[in-house]
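1. Sequence and predicted structure below; questions after.
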Amino acid sequence: MTVMEQRGAYRPSPPPAWQPRMDPAPLLPDAEPYRVLGTEAAAKADPDLLRRLHAQLVRGRRYNTQATALTKQGRLAVYPSSAGQEACQVAAALALEERDWLFPSYRDTLAVVARGVDPVEALTLLRGDWHSGYDPHAHRVAPLSTPLATQLPHAVGLAHAARLKGDDVVALALVGDGGTSEGDFHEALNFAAVWQAPVVFLVQNNGFAISVPLAKQTAAPSLAHKAVGYGMPGRLVDGNDAAAVHEVLSAAVRHARAGGGPTLVEAVTYRVDAHTNADDATRYRGDAEVAAWRAHDPIELLEAELTARGLIDEAAIAAARQDAEDMAASLRERMNQDPELNPMDLFDHVYAQTTAQLREQRALLQAELDAEQEHHGEQEGGAR
Amino acid sequence: MTTVAVKPATMAQALTRALRDAMAADPTVHVMGEDVGTLGGVFRVTDGLAKEFGEDRCTDTPLAEAGILGTAVGMAMYGLRPVVEMQFDAFAYPAFEQLISHVSRMRNRTRGRMPLPITVRVPYGGGIGGVEHHSDSSEAYYMATPGLHVVTPATVADAYGLLRRAIASDDPVVFLEPKRLYWSKDSWNPEHPTDVEPIGRAVVRRAGRSATLVTYGPSLPVCLEAAEAAQAEGWDLEVVDLRSLVPFDDETVCAAVRRTGRAVVVHESTGFGGPGGEIAARITERCFHHLEAPVLRVAGFDLPYPPPMLERHHLPGVDRILDAVARLQWEAES
């Protein structure tokens, strides 16, 4: 006889107070990625915005090719190209107001540059100079984060702090498809939803975490579906459609600014280059797949739309390309100059006030440098 | 003259007072963690703060240590001074990546442009009969990470004073609270909290001539007790309370060791790869010609923290310290 079968032994507990809090349906993403270009929605898009997106896309593509070339010349230690993903990066930067914050990961240099950071300073980390070349407060761009998804809780905390202070600041955090498997992704989304923090998460689903395809990364229907489990809306968008990404992100930013809480946006895109210059992408994917995505190129999609609507002509396209060439030439020239590094800087920013131990070590390095200098001096003297 | 009887406060109460005074003095100070609000923390250290300052200033967070510390990073980026609580020593491990990859190095990475004034409160150590994952001494992990201050009070006055200084620091501070001293009391006057020596200074708690015990946190009372017991053997032991493991006060420690010529480092944490190895090496490098005997370590055994019914065999006690001191004598005579 089980407990359940004993007469009087089992007393049903009082009904639980817990109830589902909401109908999940409004939080669920659309079945298909949202598109603007080539649809009726394009007619409603602001022509100036489309032209700005176009110019930034062209610049971004050139930045990617120039930075990749700089790795071949040994000027950059490594460069994770975002070729193919330019629409996500540009839209991320243009969807924000000046007072908002961007939290990029290591592949998001284009978004950082589109936000106004000096193109050289955006590459400082990858050049092996200093870890962050720019002042995060100057452009409200957090340092490029190398550990995956760890910048997401920072975005939540900053947005939360801003709201506590009464500022209508929004934080936009960028992460890749691989990053959504990390624990910090979960914790950040959960905190954001519980606190109703004004933060927007943009997953750039570029198909691969180095070599691991999305099918081996997650069993979710889409990455945008993950939002519903946290109690926030999930939105699925064509990541190569700059107008669509901009529209969806702008709506999410407005929603957050108005006190509506966080949104998770998944932009479906593709990394047409390898993970970095050090990666061999032919080991894990075929040419046909890459070719198919090249045919869905974000720049060509937007150019076709602008041309069809008579919003851009050959001269304007040429002007955008020239602007990108000028940027690349300047980047190339400045990156080909050796950075001036002072080894003594190593000790200056470990603590607000340096410790006795670091003072000793600083003195040791200074003595080594002095000896080196003296040695060089003697050699030069001997040669004369 | 009339004397007003002052009810002595416990270390936990002194910590509460420090948090309250810091929050009252600076509106950017925010307390956050699991159970810190309505409950007042499992050790009641945050008792009453949510009621007094509101839930926005003393926040019950979701149960997620990486999330707690990670969001604190963002809050500090926006100008707040978060004080986060990691409920127990071993519960802090999920937050290690945030601590090591971001908190400790954000100032350095940004060349001073983005300091993170975060205080991470970690109740640590054993001796309270806690089950597994409730008694670890993790200080060596924190010490090995440049960019962090690592502080641990052993007296009620230091609990108050060091926590105030940690919260006021522009650098991230791992504030290790010896949980078996939470209910200890000493002569600290809660009516007039006074300032203490700054972070980075060690203090001689007992002067002596025979040998120096170098210790911190939960082992300080044990060392003081050992010093009293040693008198019967004719040994006059000096006891140095480090108070701060990073920055390390070589000056005070070495002056003390030079006076006595003998040193024993005492802590609960494991000996192998533990703080004592670093401390002994520093003493040896600086005081070799003053030493009458090798620097010895009395530490926890090199094993995962034992179950509570066996922890008394693991924790350094008075007898083990006195045995080490006896070995110092023998080494000196041979």
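-> Great, that's in hand.
2. give me phi/psi at whichever residue of the stretch 201-350 of chain A sits closest to chain B?
-> Residue of the stretch 201-350 of chain A nearest chain B, by CB to the nearest CB: A:His349 (4.4 Å). Backbone N, C-alpha and C define where each C-beta goes, glycine included. A:His349 has phi and psi values of phi -130, psi 20 when expressed as degrees, to the nearest 10.
3. Now for it, how many residues are close by?
-> If you count neighbours by other CB atoms under 10 Å in any protein chain shown, A:His349 ends up with 21.
4. What residues does the stretch 1-150 of chain B have near chain A?
-> Applying CB under 8 Å from any CB of the partner chain, one finds that the stretch 1-150 of chain B approaches chain A through B:30, B:56, B:61-62, B:64, B:66-67, B:69-80, B:82, B:94, B:97-98, B:101-102, B:105-115, B:146-147, B:149.
5. So which of those residues are in strands?
-> Within those, residues falling in strands by DSSP state E are B:His30, B:Pro82, B:His149.
6. so which of these is the most crowded?
-> Busiest of those [other CB under 10 Å] is B:Pro82, holding 28 neighbours.
7. And the pLDDT at that residue?
-> Per-residue confidence (pLDDT) for B:Pro82: 98.
8. so it touches B:Ala72, yeah?
-> Yes - in this structure B:Pro82 lies within contact range of B:Ala72 using CB atoms under 8 Å: 3.8 Å.
9. Find residues that contact each of the two.
-> The contact sets of B:Pro82 and B:Ala72 overlap at A:Gly157, B:Met32, B:Ile118 (CB atoms under 8 Å, 6 or more residues apart in numbering or on different chains).
10. Please, where are all the strands along the chain?
-> I'll assume chain A. Using DSSP E, strands in chain A cover A:101-103, A:171-176, A:199-205, A:208-209, A:212-213, A:234-238, A:263-268.
11. Actually, chain B is the one I wanted.
-> B:29-33, B:58-60, B:81-85, B:119-124, B:149-151, B:173-178, B:203-206, B:211-215, B:237-241, B:244-246, B:263-270, B:296-300.
12. looking at these, which is buried most?
-> Most buried of the strands of chain B, by mean neighbour count (mean count of other CB atoms under 10 Å in any protein chain shown): strand B:211-215, with a mean of 29.
13. Report the inter-axis angle for that one versus strand B:296-300.
-> 30 degrees (axes from the mean of the first three to the mean of the last three CA atoms, to 10 degrees).
14. Tell me the strands beside strand B:211-215, with direction?
-> The pairing partners recorded for strand B:211-215 under DSSP bridges are strand B:237-241 (parallel), strand B:263-270 (parallel).
15. Now A:Asp118: closest residue in space, sequence neighbours ignored.
-> A:Tyr134 (6.7 Å; CB to CB, 6 or more residues apart in numbering or on different chains).
16. Could you report the distance from that neighbour to A:Val169?
-> 19 Å (CB to CB, to the nearest Å).
17. got it, and B:Val84?
-> 22 Å.
18. Same check on B:Arg209?
-> 62 Å.
19. who has more neighbours, these two?
-> For B:Arg209 and A:Val169, the more surrounded residue by other CB under 10 Å is A:Val169, and the numbers stand at 22 against 13.
20. Let me know the pLDDT of that one.
-> So A:Val169 comes in at 98 (pLDDT).
21. Might you report the residue contacts of the closest residue to it other than its chain neighbours?
-> In space, and not counting its chain neighbours, A:Val169 is closest to A:Ala162: 3.8 Å by CB to CB, 6+ apart. A:Ala162 sits next to A:Asp168, A:Val169, A:Ala171, A:Pro198, B:Tyr78 when contact means CB under 8 Å, 6+ apart.
22. Residues touching stretch B:307-315, excluding its own?
-> So stretch B:307-315 is contacted by B:126-127, B:129-132, B:135, B:268, B:300-301, B:303, B:305-306 (CB under 8 Å, 6+ apart).
23. any idea of the mean pLDDT for that stretch?
-> On average, stretch B:307-315 scores 96.
24. and that stretch, how far out from the chain's middle?
-> 21 Å (CA atoms, centre = their mean, to the nearest Å).
25. likewise stretch B:44-62?
-> With CA atoms, centre = their mean, you get 23 Å for stretch B:44-62.
26. Same question for stretch A:168-186.
-> 9 Å.
27. Kindly report the same for stretch B:212-221.
-> Per CA atoms, centre = their mean, the centroid offset for stretch B:212-221 relative to its chain is 10 Å.
28. ditto for stretch B:266-277
-> Put simply, stretch B:266-277 sits 14 Å off its chain's centre (CA atoms, centre = their mean).
29. on that earlier part again, sitting in helices, which of the residues of the stretch 1-150 of chain B next to chain A do you find?
-> Assigned to helices by DSSP state H, the following of the residues of the stretch 1-150 of chain B next to chain A qualify: B:66-67, B:69-77, B:97, B:106-109.
30. Name the member of the residues you listed that has the highest neighbour count.
-> Neighbour-wise, those (other CB under 10 Å) top out at B:Thr71, 34 neighbours.
31. Perfect, I'm done here.
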